[in-house]
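J.: What follows is a protein structure lacking sequence information:
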């Protein structure tokens, strides 16, 4: 980023980071104002240019926004740019997203949307935020649900020092080694280690955790954060071994370990 | 936690984790529904037994709740238990909070409140959540603002792997060493490292960051997340050295570094 770029775009628009409910559009019986603050909804209703993961779910979200606060621009007239598949293949960090922000450079306010929760956290979008900074476009994050943090707060594990490490390996022995390394780190530093898995492997991950971790290590599993039936189970491994909570194989779960 | 304890409390109440706005009660001109989802506000309005950091600010919060949704119990009749000073002295992890949850064991729904943002994240409260799990009391985290995550999303840094490490040392040479160690970790693993400082040392921390970090390392500073005037600056250290953004010495800031 050069000084020239920074000084040439003083009249740029804004990039709003717009969180969405964790229900993936499933629980459309509840008004969006139940799960998002009004400031987030009214700001979303005022926008008409978006970068999103998927245009179809972006439209479904905007429909729900419009039920609470009239949209300034009808959905059909909204400009929805999908993040290219390249972002998912190469990883978000390598992608140059500046071209997607052309409307903001012309002074328009834009929104960044992910499929569920906060864009750029455990989801694509950081490349777009980085591009905004490079172009001198102000970035404004709006308040909404973040599944990892709901899980952390509900875990009873250390919330003064914590790490989210993404997915753990799916291969059994690699997974065991990785989990033991995360446990060693958590016990040595006191830092809670948070990780996720694709839902159909939740049970296999839990099996490995119960096999490889020490009896006194604390494990928290938050299941179905998207649903009213969400559950949070937190206990030491010895207790988990005695008293198994059922893990739904279709529902996303967040795992956390610590001393 | 023994099996006996778990099985004896099947009729226990619930512990709701209730987030509060980040404005510390400053921006009371805005209705609470602007900054919190209605589900959070209506649940808070239904509760009458609390564990909080400070009873006075808990009452101020409940007053704002009542302006959006009538309180089931008048503020004067609400039961507010403050977390003992022990929690702050000894640290949240050592504190046995089970006695505070007696009302939940009798079947009452209780709320846990922190001064700003989400309880148990970068704030006390984990001990109370852990006690709830030990007593078999279901834990339900509600949605609200979390300053660390607003800062992370707005940083453009890696949101697929990140760590919050709390406060950095205030002594200059220790601080420099700690920041270099965090930079080395971030560059090696790609994991964003997030940290905070008491506001009056923000400028000193920024000075050290600009001195000790490598020119290509990316630094993000989010200032005044509690205020409408919040700002997020993110650039590599070389750019920061050329173009200094002003840091307010009274306003909390969140710092993050990464590749």
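T.: In hand now; what should we look at? Every value quoted in this text rests on a predicted model; they were computed, and no experiment measured them.
J.: Need phi/psi at residue A:245.
T.: phi -90, psi 140 (degrees, to the nearest 10).
J.: dump the residue contacts of it.
T.: A:221, A:231, A:233 (CB atoms under 8 Å, 6 or more residues apart in numbering or on different chains). The C-beta positions use only the backbone N, C-alpha and C, and glycine is treated the same way.
J.: near chain B too, which of the residues you listed?
T.: A:231, A:233 (CB under 8 Å from any CB of the partner chain).
J.: will you turn the contacts of residue A:245 into a markdown table that also has secondary structure?
T.: Listed next are the contacts of residue A:245 as a markdown table, based on DSSP: H, G, I helix; E, B strand; the rest coil:
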| residue | secondary structure |
| --- | --- |
| A:221 | strand |
| A:231 | strand |
| A:233 | strand |
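J.: Give the buried subset of the contacts of residue A:245 as a ChimeraX selection command.
T.: Filtering the contacts of residue A:245 down to the buried ones (16 or more other CB atoms under 10 Å in any protein chain shown) takes a single ChimeraX command:
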select /A:221,231,233
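J.: so after the worst-scoring helix or strand of chain A on mean pLDDT, what's the next helix or strand?
T.: For chain A, counting by mean pLDDT, DSSP states H and E, helix A:3-8 ranks last in confidence among helices and strands (a mean of 44). Next helix or strand after helix A:3-8 toward the C-terminus (DSSP states H and E): strand A:14-18.
J.: From the contact counts, what lies against that following strand?
T.: Here strand A:14-18 touches helix A:38-46, strand A:109-113, helix A:126-134, strand A:139-141, going by 3 or more CB pairs under 8 Å, 6 or more residues apart in numbering or on different chains; DSSP states H and E.
J.: Just checking: what are the partner strands of that strand?
T.: Strands that pair with strand A:14-18, judged by DSSP bridges, come out as strand A:109-113 (parallel), strand A:139-141 (parallel).
J.: Quick one, grab the pLDDT at residue A:90.
T.: Here, the pLDDT recorded for residue A:90 equals 64.
J.: now do residue A:114
T.: The model's pLDDT for residue A:114 equals 89.
J.: Repeat that for residue A:12.
T.: As predicted, residue A:12 sits at a pLDDT of 66.
J.: do the same with residue A:130
T.: On pLDDT, residue A:130 comes in at 96.
J.: what about the closest residue to residue A:80 other than its chain neighbours, how many neighbours?
T.: Once flanking residues are discounted, residue A:80 sits nearest to residue A:55: 4.3 Å by CB to CB, 6 or more residues apart in numbering or on different chains. The burial count assigned to residue A:55 is 14, neighbours taken as other CB atoms under 10 Å in any protein chain shown.
J.: Distance check, residue A:55 against residue A:115.
T.: From residue A:55 across to residue A:115, the span is 12 Å (CB to CB, to the nearest Å).
J.: buried set for stretch A:87-106?
T.: Within stretch A:87-106, the residues scored as buried using 16+ other CB under 10 Å are A:87, A:92-93, A:95, A:97-98, A:100-101, A:103-105.
J.: just stretch A:71-80 next, same as before
T.: A:71, A:75, A:78, A:80.
J.: Same check on stretch A:214-225?
T.: A:217-225.
J.: which residues sit against it?
T.: So stretch A:214-225 is contacted by A:22, A:145, A:147, A:150-151, A:154-157, A:183, A:186-187, A:202, A:206, A:209, A:213, A:230-238, A:240-241, A:245, A:247-248, A:251-259 (CB under 8 Å, 6+ apart).
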